[in-house]
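Participant: The following comprises the amino acid sequence and a computationally predicted model.
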Amino acid sequence: MKVLFVFSALVLGSSIVGAGFALAQHVDQRNWRYFPDMAKSVAYRGQTPNPFLAPGQALLAPVAGTIPRGAQILAEDPTVHGYVQAGLELHSPFDSGEPVDMERARTIFETYCMICHGPNAEGDGLAVQHGFPRPPSLLFGKALNMEDGHIFHLVTNGFRKMPSYASQIEPRDRWLAIAYVRHLQENAP
């Protein structure tokens, strides 16, 4: 009886030690995973049917009124009222505490604005030379009397033949382009 007890204790102890080695966590190997379907769900491609969603499609429009994380909603009203409000409420974030990076401002202007407005903002860009309607000069007339918020509104929402650049130019870069236009206005002959 004593031998049976010692033998069973030895078998039990060795099985516990063996299981400990078999199930031990190793830093260079993944741990055991139970129910991996909870961690990795079935992914649906964007245009394929999805039986689990109400309309049966994988892509759904965002809920109305949602704002992406980190997004700034500025000059969102494309109407004339929005234009007037933008002139009153929106102001350039650059001041003596945060000066304008003129090199970056020039790059933004040359990338997005120069194609129509030209290198000196006179409205003589390459698109105009190839038949696109001539935009107004930004050095004279109405452009001089516009507030920075007005120009920001126009760049954000577009106006007449000018398209909206809201999806292409980040808000901070729009302000930089406006600062560069102001620089050109100050240095105009």
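Facilitator: Alright, I've got the coordinates.
Participant: Please identify the residue most distant from the middle of this structure.
Facilitator: Met1 (76.5 Å; CA atoms, centre = their mean).
Participant: What separation do you get for that one and Gly123?
Facilitator: Distance of Met1 to Gly123, given as CB to CB, to the nearest Å: 107 Å. All C-beta spots, glycine's among them, are computed from the backbone N, C-alpha and C.
Participant: Thr79 too?
Facilitator: Relative to Gly123, Thr79 is positioned 25 Å away (CB to CB).
Participant: again with Ala64
Facilitator: Counting by CB to CB, the gap from Ala64 to Gly123 is 39 Å.
Participant: Compare the two and say which is more crowded by neighbours.
Facilitator: Using other CB atoms under 10 Å as the criterion, Ala64 and Gly123 rank with Gly123 on top: 18 against 5.
Participant: and the more buried one, what is it in contact with?
Facilitator: For Gly123, the contact set (CB atoms under 8 Å, 6 or more residues apart in numbering) comprises 116-117, 134-138.
Participant: how about those in JSON lines, adding distance to Asp101, neighbour count and secondary structure?
Facilitator: Output for the contacts of Gly123, formatted as JSON lines (distance: CB to CB, whole Å; neighbours: other CB atoms under 10 Å; DSSP: H, G, I helix; E, B strand; the rest coil):
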{"residue": "Cys116", "distance to Asp101": "23", "neighbour count": "20", "secondary structure": "helix"}
{"residue": "His117", "distance to Asp101": "20", "neighbour count": "26", "secondary structure": "helix"}
{"residue": "Arg134", "distance to Asp101": "30", "neighbour count": "16", "secondary structure": "coil"}
{"residue": "Pro135", "distance to Asp101": "25", "neighbour count": "21", "secondary structure": "coil"}
{"residue": "Pro136", "distance to Asp101": "27", "neighbour count": "15", "secondary structure": "coil"}
{"residue": "Ser137", "distance to Asp101": "25", "neighbour count": "18", "secondary structure": "coil"}
{"residue": "Leu138", "distance to Asp101": "20", "neighbour count": "26", "secondary structure": "coil"}
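Participant: and stretch 60-80, how far out from the chain's middle?
Facilitator: Offset of stretch 60-80 from its chain centre (CA atoms, centre = their mean, to the nearest Å): 12 Å.
Participant: wait, I meant stretch 141-152
Facilitator: 26 Å.
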